[in-house]
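In: sequence-free structure coming up:
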């Protein structure tokens with residue numbers, strides 16, 4: 001009795017397969033992939049920050065330096081790290097499985113966070129101005 005039921009199921013599946021193969025192909029609807037809202041917001045924020053930063057390292061240093069020849073002030077360091085983060089983020093969008101670069105990105109983000117915490121302790125006004133210039137949140 002059990003063998004008859006399984007045999008009937010096998011026959012039904014074979015018939016369905018044959019019908020599908022014989023039927024004319026339906027027009028394929030275009031596949032629309034929607035990105036989650038969080039990713040879109042982050043991408044928009046990154047684009048805004050990228051537009052505000054110059055393309056070269058020297059341009060970033062000139063823009064954020066406290067005086068001429070200043071390359072080590074916390075503001076310059078945060079700006080350079082932000083530039084590096086943006087480059088790594090765009091790289092990881094195309095290379096999703098590059099976990100070595102992802103780890104480097106997380107280290108750079110942590111370093112920037114530590115420097116931003118230091119600036120907050122020094123002078124809150126400097127911190128707020130820098131955040132506004134770079135387009136960062138918090």
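Out: That came in fine, so what should we check first? Predicted model only: the values in this text are computed from it and were never measured.
In: what residues does whichever strand or helix holds residue 93 touch?
Out: Under the criterion of DSSP states H and E, residue 93 resides in helix 74-94. Identification of contacts with helix 74-94 by C-beta atoms under 8 Å, 6 or more residues apart in numbering yields 46, 49-50, 53, 57, 60-61, 63-66, 70, 98, 101-102, 104-105, 108-109, 111-112, 115-116, 118-119, 122, 126, 130, 133-134, 136. (Glycine included, C-beta is placed from N, CA and C.)
In: From those, which land in helices?
Out: 46, 49-50, 57, 60-61, 63-64, 101-102, 104-105, 108-109, 111-112, 115-116, 118-119, 122, 126, 130, 133-134 (DSSP state H).
In: gap between the closest residue to residue 62 other than its chain neighbours and residue 97?
Out: Spatial nearest neighbour of residue 62, chain neighbours left out: residue 54 (7.8 Å); criterion: C-beta to C-beta, 6 or more residues apart in numbering. Applying C-beta to C-beta, to the nearest Å, the value for residue 54 to residue 97 is 31 Å.
In: of those two, who's got more company?
Out: residue 54 (13 against 8; other C-beta atoms under 10 Å).
In: quick one: pLDDT of the more buried one?
Out: Residue 54 is assigned 72 on the pLDDT scale.
In: Next: the one 5 residues further on.
Out: Per-residue confidence for residue 59 comes out at a pLDDT of 91.
In: Over to residue 108?
Out: Taking residue 108 on its own, its pLDDT is 97.
In: check contacts around it.
Out: If you count contacts by C-beta under 8 Å, 6+ apart, residue 108 has them with 81, 84, 85, 88.
In: Buried among these? Make that a ChimeraX selection.
Out: Remark: buried members of the contacts of residue 108, expressed as a ChimeraX selection using 16 or more other C-beta atoms under 10 Å:
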select :81,84,85,88
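In: Cool, thanks, talk later.
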